[in-house]
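S.K.: Attaching a predicted model along with its sequence, questions to come.
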Amino acid sequence: MAFESLNAFLNMGGYAPYVWPAWGVTLAVLVGGGLQAVAEHRRRLRELRRRQRRAAADAAPREAAPRKAVPRGSHDARA
Amino acid sequence: MWDVVHRLGSPRTFYTIAGRWQPWLWALAALLLGTGSVWALLFAPADYQQGDSFRILYVHVPAAILAQSCFVLMAVAGAIFLVWRIKLADMVATVIAPFGAAMTGVALFSGSVWGVPTWGTWWVWDARLTSMLIQLFLYLGVIALRGAFASRDGGARAASLLTLVGVINIPIIKYSVDWWNTLHQPATFTLTQRPAMPAEMWLPLAVMVLGFYAYFVALTLTRTRSEILRREGRKRWVLELGS
C-alpha cells in the first residue's frame, strides 16, 4: 500500500487537485458511455416490440376487431 | 475464407454472435478496470520525481492509446465500406466515432491537468499536443460530415473518405515526440524495448490498457447491435426478434 491513511490517499501527496479531476472525468466518461449504450439498446428493443404489436394488430382479421373503415386501396399507404 | 467474411458481414449473424459475447466482455472490462484502478491508485509506488501526480498516467496513456486505435479501426472500416460496400463496416465506423472523440478529449484533459504541476503550464503548442488536438477536430469533423448529408450512403462515403485522409495524422502523433523537440515525454510502452519503469509501475498500466480495450470492444458490440436495430428495423428477421 502506497498510503498510510485514508487522508493521505485523498490528499495524493498534495496533488489531489490534479489527480482526482483527471481520474474522475475519465471514469465518468467510461461509466456514462456504458450506461448510455445499454439504455439505447433497451430503447430500440422497446420500439421494435411496439412496432411488432402494431403489425400484429393490423394482420388480425377485421371481423374480430371492427375498426374505423379504411377505404379500399389506402391500406398500403399506411405501412 | 470469403464465405466467413460474408457471413460476419451480415448484420443478422453479427447481431447473434455479438449478443452472445457482449455480457462476457462487459464483465471482463469491469474486472480489468476495477483491478487496474485499485492497483494504480493504492498500490503502485509514487514516482521519485513526480510524486503521486504520476498516477494520472494510468488514465492518460490508455485513453490516448484508445483514441488512436479507434481512429485506425475507423479507417479500416471506412476502407472496407468503400471497397466492398459492406454496410456493417459503416455501422461500426458510425458508432465508434463518438467514443474516439471522447477518448481524445479525456487524453487532452488529463494531460492538461497533469501539465500544471509537472510543466508549470496546462497547454503548449508543441507537436504532440497540437497533433492530438487536430485528432479531436478530425473526429468531430467525421461525425459532423456524416450528419450533414441527406442520404445515408452519401454521408457514409464522405465520412469514410475523410477518415482515410485523416489517418495520416496517426503516425504524426506517434512519432511527434521523436521528430520534434517537445515537452512531452517519449512513449511509455514500445514493442521492441522493455519499459523504463519498474514492473510494479507498468503492470497496473498494462491492466488499465487491456481494460480500456475490453471496454471498447464491449461498447462497440452493444452500440453496433443498436445501430442494426435502427437501420434494419423493417427487415423480417429484426421484427421477429421482438416476439
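M.R.: On my side now, so go ahead.
S.K.: How about the residues of chain A by chain B?
M.R.: A:1-3, A:9, A:12-15, A:18-19, A:21-23, A:25-27, A:29-30, A:33-34, A:37-38, A:40-41, A:44-45, A:47-49, A:51-52, A:55 (C-beta under 8 Å from any C-beta of the partner chain). (C-beta placed from N, C-alpha, C; glycine too.)
S.K.: Just to be sure, A:Glu4 is in a helix?
M.R.: No - A:Glu4 sits outside any helix when classified using DSSP: H, G, I helix; E, B strand; the rest coil, being coil.
S.K.: what's the longest helix in chain A?
M.R.: helix A:16-59 (DSSP state H).
S.K.: so what does that helix touch, helix or strand wise?
M.R.: helix B:11-38, helix B:57-84, helix B:87-119, helix B:199-231, helix B:236-241 (3 or more C-beta pairs under 8 Å, 6 or more residues apart in numbering or on different chains; DSSP states H and E).
S.K.: what's stretch A:7-26 in contact with?
M.R.: Outside stretch A:7-26, the residues within contact range by C-beta atoms under 8 Å, 6 or more residues apart in numbering or on different chains are A:3, B:37, B:41-42, B:46, B:51-53, B:55-56, B:59-60, B:63, B:106, B:109-110, B:113-114, B:116-117.
S.K.: Buried ones among those?
M.R.: Buried subset of those (neighbour count, 16 or more other C-beta atoms under 10 Å in any protein chain shown): A:3, B:37, B:41, B:46, B:51-53, B:55-56, B:59-60, B:63, B:106, B:109-110, B:113-114, B:117.
S.K.: Okay, the spatially most central residue of chain A and B:Ile65: tell me how far apart.
M.R.: Centroid-nearest residue in chain A, with C-alpha atoms, centre = their mean: A:Ala39, separated by 1.7 Å. Applying C-beta to C-beta, to the nearest Å, the value for A:Ala39 to B:Ile65 is 27 Å.
S.K.: Then B:Leu140?
M.R.: 20 Å.
S.K.: Just want to know which of those two has more residues nearby.
M.R.: B:Ile65 (19 against 15; other C-beta atoms under 10 Å in any protein chain shown).
S.K.: In this structure the more buried one contacts B:Gly211, no?
M.R.: No - taking contacts as C-beta atoms under 8 Å, B:Ile65 lies outside contact range of B:Gly211: 11.6 Å.
S.K.: which residues does the nearest residue to B:Leu41 once chain neighbours are set aside contact?
M.R.: Spatial nearest neighbour of B:Leu41, chain neighbours left out: B:Arg55 (6.1 Å); criterion: C-beta to C-beta, 6 or more residues apart in numbering or on different chains. Residues counted as contacts of B:Arg55 (C-beta under 8 Å, 6+ apart) are A:Met12, A:Tyr15, A:Val19, A:Trp23, B:Ala40, B:Leu41, B:Ala44.
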